[in-house]
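quick check, what structure comes out for this input:
(chains A, B and C)
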Amino acid sequence: MLTFHLTSHSNVAPYLQIVQQVRQSLLAGVLHPGDQLPTVKDVVAALAINPNTVLKAYRELEREGLVEGRQGVGTFALRRPDGPPPAVQAMLGRSLARWVDKARLAGFDDAGMESLLRATLLSAADEAIA
Amino acid sequence: MTWLLWRQHRVQGAISGALMGALSILLVITGLHMAGTYRTAMAACRADGTCGNLSLFQGDGAIINLVSLTIVAPLLLGVFWAAPLIGREFETGMHTLVWTQSVSRRHWLRSKLLLLIGATISCSAVLTIVVTWWAGTFNSLNGDRFQPARFEIQGIVPIAYSVFAVSLAVAAGALFRRMLPALAVTVFGFAAVRILIDNYARPHYLHPLTNSLRLDQGGSIGSGAWVTKEDLTLNGVSVTGAIRAPAGCLSMTSRATMNSCMSDNGFRRLTTYQPANRYWTFQFIESGIFIALAALLIVACVVIVRRRDA
Amino acid sequence: MIAPSRPGETMAITTTQLGKRYGTTGNSKAKWALRECTLDVPEGRICGLVGANGAGKTTLLKLLVGLARPSSGSVRVLGQPSDTPAFLRDVGYLAQEVPLYRRWTAADHLSLGANLNGVWDGEAARERLQSLDIPLDQRVGTMSGGQRAQVALALALGKRPRLLLLDEPVAALDPLARREFLASLGAAVAESEGGLTVILSSHLVSDLERICDYLVVLAESRNLLSGDLDGVLASHRLLTSARRDIGSIEHQHTVLRVEHTPRQTSVWVRLEGTLHDPSWQSEEMSLEDIVLAYLARRPVQAADAPAAIGGVR
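Alright, predicted model coming up:
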């Protein structure tokens, strides 16, 4: 069964953290179509969060067509989100690991790498808009 | 509510029941023994005509003291039963738990008060029945049942005192919401009211009778009467201060001839008293006063609990 | 207002100009514990009631559950005034001091619930405690604070209330017990599927941030802010800019706090519409910062109307 983690230091709203974790689990193949997601009550009992937060996350996932709520039974995964298949993901992960090694050799610490990555993402987004 | 009352007070009830049972058994055993001793002694003294100065039970001090101590029974009920009944619930904040179940405040209070008053009446009734029966022998030996130490632990007044004491304690508990002040008010309030009624009200329940007699005559007010005052009068006027005996009587050598001489000169002994047959009337009047006070306190308690915020 | 309102929601609680004064009327020592409190809490929400100690949180909860009577204004709870006996059936309450009979066992307390309530779900209450490994036959006086709070919560939930009022239930608990208590509470709300509204008071915002979806802020006996939590978060901003006059901001929005340094001006605001001026750098505020901004704002003017954010009136 899937377990969620919430961090309160993130700028991402709690419901979005759940949405992202479900999406990520589907992408990574941890969660397969047809699998049942934890019930609202289970998530709330595990994380001590507001039930409406979980409901909102599941509604958002339903809207994206990733999951399906079945009345009185629960919420089930429907399909993988659009994105690279697990093999491609694994390959990208490996090349990122190699990049991390290189950066570390070059003297970057974790925070430095994070800000570099963020800056790169931002400028990539700017280019996409332009 | 019945379940709550049972669960909350069952230990209290068991302890009180055990104490009452033990005391009753003790009094029944000693009471039977004393009645037997008394009958034997009476039979013996009637034979030789010495019943006038019968002296019995001089060595039974402990049990006699125990019976006298039942005078504080109402106070014990007030302190151990009534003051915590509502006062401790307030003090510990438990009232907010019970008042927010589905039982109304009014229902809760009524059940508690009914239990308290019912248990108090039962308990004090048993006690006074046993004590009154036990004291029967004593009353026959020395007839004045108006003596405070007897009047106040026999008959029906102990029940009224108890109802008053618990009403005072439960109202004090509701008012102060803490045990210590409630207990203080119970003890001092009860003692004060009892002393006031005892000293200032009881002698005046009914207009007393008077009897004016020559000094050389014996009394004829009947045994068991309550003598409230004895005055010396001269020609119907009360003598105060130093007594000036008439010159003619000063030469008298014996007390009897002196009394006779004084009486011839207009001196009389004026006895003010309540006759023995007023005993139950007095018991009813005193009980009525305490029950009325108790009723006022219960009403006050209900008003306080229902009006005040939790 | 930016906050989304949710039309069609029924209100679990509606208070109008609610006030409570302790002490006799006319007595100069009489003190308002709560005044001019007007707020709505929709059904099915977990509402956090925040404020400094002595801000009137306990008084408000006692007024809502009928343990105290209003000195002014009115309360409607679940559509009825809170002084009717029928109303008690639908409301659960847990006082700050967690009143339990110390010499009783947990099972005794559940029996109390069963005997004093017409509707009683004893099975669920027992399961709730067993799932937390709380022994039913242990005296509550020997339990930990967290276990006692759970017993009290099980007792309050056993009558299947539609409204549950909790006065600082986690204030005395350690972080783990606090988390467990809030998890139990959330699970009960999830189970009710919208049928249970919770009002939870605390002076610790971090307790409320995860579990609540509605917020009421009280300070100095007054209601300063109430509304949907998302709406509250969305409508409060910290604006910074090179040092300048804040007249344009004050005109359109509600300024909670201003700070001028020689070079910079910082303004904590509640947005009452779109922020038009792009020269302000706008940052989101954390819930804690929002609450602190309200609590630190003084003196409070009597004419200052409480903000109802995301309300449906």
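
I'd say B:His107 and B:Met1 touch.
Yes - here B:His107 lies in contact with B:Met1, judged by Cβ atoms under 8 Å, at a distance of 6.4 Å. Heads up, the C-betas are built off the backbone N, CA and C, glycines and all.

the more surrounded of these two?
Just comparing B:His107 and B:Met1: by other Cβ atoms under 10 Å in any protein chain shown the higher neighbour count belongs to B:Met1, 17 against 13.

with adjacent residues omitted, what lies nearest to the more buried one?
Excluding its sequence neighbours, the residue lying closest to B:Met1 (Cβ to Cβ, 6 or more residues apart in numbering or on different chains) is B:Ser111, at 4.2 Å.

burial check on residue 72, number of neighbours?
Unless you meant another one, I'm taking chain A. 5.

nope, chain C please
15.

now the one 5 residues further on
Burial of C:Val77 is recorded as 25 neighbouring residues (other Cβ under 10 Å).

now stretch C:82-102: buried residues?
Within stretch C:82-102, the residues that count as buried by 16 or more other Cβ atoms under 10 Å in any protein chain shown are C:82, C:87-96, C:98-101.

which of those come close to chain B?
When contact is defined as Cβ under 8 Å from any Cβ of the partner chain, these meet chain B at C:Leu88, C:Arg89, C:Val91, C:Gly92, C:Tyr93, C:Ala95, C:Pro99, C:Leu100, C:Tyr101.

just the ones of the residues you listed in strands?
Assigned to strands by DSSP state E, the following of those qualify: C:Val91, C:Gly92, C:Tyr93.

would you agree B:Ile86 is in contact with B:Ser167?
No - taking contacts as Cβ under 8 Å, B:Ile86 lies outside contact range of B:Ser167: 11.7 Å.

need the overlap of contacts for these two.
Common contacts of B:Ile86 and B:Ser167 (Cβ atoms under 8 Å, 6 or more residues apart in numbering or on different chains): B:Cys301.

grab the nearest non-local neighbour of the closest residue to chain A within the stretch 1-150 of chain B.
Residue nearest to chain A within the stretch 1-150 of chain B: B:Thr100 (24.1 Å; Cβ to the nearest Cβ). Excluding its sequence neighbours, the residue lying closest to B:Thr100 (Cβ to Cβ, 6+ apart) is C:Tyr93, at 3.9 Å.

one more: A:Ser25?
A:Leu31 (4.0 Å).

surely the one you found is within a helix?
No - the assignment for A:Leu31, made by DSSP: H, G, I helix; E, B strand; the rest coil, is coil rather than a helix.

how about the nearest residue to B:Leu97, chain neighbours excluded?
Here the residue nearest B:Leu97, using Cβ to Cβ, 6+ apart, is C:Pro99, at 4.4 Å.

got a list of what the one you found touches?
By Cβ under 8 Å, 6+ apart, the neighbours of C:Pro99 are B:Thr92, B:Gly93, B:Met94, B:Thr96, B:Leu97, C:Ala152.

so which residues of chain C form strands?
Going by DSSP E, chain C shows strands at C:11-22, C:31-42, C:46-51, C:72-77, C:91-94, C:163-166, C:197-202, C:214-219, C:222-228, C:236-242, C:254-260, C:264-270, C:281-284, C:307-309.

how about these in CSV, adding mean pLDDT?
Output for those, formatted as CSV (pLDDT from 0 to 100):
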stretch, mean pLDDT
strand C:11-22, 91
strand C:31-42, 89
strand C:46-51, 93
strand C:72-77, 92
strand C:91-94, 94
strand C:163-166, 96
strand C:197-202, 94
strand C:214-219, 90
strand C:222-228, 85
strand C:236-242, 91
strand C:254-260, 89
strand C:264-270, 91
strand C:281-284, 86
strand C:307-309, 64
